[in-house]
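K.L.:
Structure for this input, please:
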Amino acid sequence: MAHHRVCVVLLLIPFVPTHSCAQANDGADKKSSSATSVSVTLLMDWTRGDAHYGPDFIQLRSPCQPQSEKSCVCVADFKVASSSANSAEFANDVTSFEHGKVPVTYEVRYSDEGLFLGALLLRVGNWTRDKFLPNDGLLGVKITFRPASPGQV
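P.N.:
Presented below is the predicted three-dimensional model:
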């Protein structure tokens, strides 16, 4: 059950760099400055194209970790990139990887207590975060529930 709480937190708390956090809090909360950052690379699968966002839309997905729940999938959508000038170049680069083999690196931050604070996209393959707008590559979670019998919660 704790695994689902972490997934929900991924959706609700965006990553805020330490210097921005310090400016926003005027230094009143020094707790966040002692957070631990860890670089994590996920090998993600890709889907290209979307009826709304166009043929260069990219969605990346990977099973949630640990893989105790098969219905939990981490996803990263690249909606803004799909309408940028280099959208075809990015989509072609991502789809050049085998399915399930796109290396996507995030900086994951944890509090001193080991609680998840957020994740920041660092790179997709050779594409660094400076080539994306902030809303591209946000890490989210999709959970599919299929009850085994009527009335199951």
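K.L.:
Could you pull out the helices in this structure for me?
P.N.:
2-12, 18-25, 87-95 (DSSP state H).
K.L.:
Going by mean pLDDT, which of those comes out lowest?
P.N.:
If these are sorted by mean pLDDT, helix 18-25 sits at the bottom with a mean of 30.
K.L.:
tell me the phi and psi of residue 101?
P.N.:
Main-chain torsions, residue 101, degrees, to the nearest 10: phi -130, psi 20.
K.L.:
Make sure it is actually in contact with residue 43.
P.N.:
Yes: counting by CB atoms under 8 Å, residue 101 does reach residue 43; the two are 5.6 Å apart. Bear in mind the C-beta positions are built from the backbone N, C-alpha and C, glycine included.
K.L.:
buried sites along stretch 34-53?
P.N.:
42, 44-46, 53 (16 or more other CB atoms under 10 Å).
K.L.:
Widest-spaced pair of these?
P.N.:
42 and 53 (21.9 Å; CB to CB).
K.L.:
from memory residue 90 sits against residue 80, does it?
P.N.:
No: the pair residue 90 / residue 80 is not scored as a contact, 10.7 Å apart, by CB under 8 Å.
K.L.:
Please identify which of these two sits among more neighbours.
P.N.:
Neighbour totals were compared for residue 90 and residue 80, and residue 90 leads with 21 against 15 (other CB atoms under 10 Å).
K.L.:
tell me the contacts of residue 38?
P.N.:
107-110 (CB atoms under 8 Å, 6 or more residues apart in numbering).
K.L.:
repeat for residue 65
P.N.:
Residue 65 makes contact with residue 74, according to CB under 8 Å, 6+ apart.
K.L.:
how far away is it from residue 78?
P.N.:
Residue 65 sits at a distance of 21 Å from residue 78 (criterion: CB to CB, to the nearest Å).
K.L.:
what's the answer for residue 72, then?
P.N.:
Residue 72 sits 21 Å away from residue 78, going by CB to CB.
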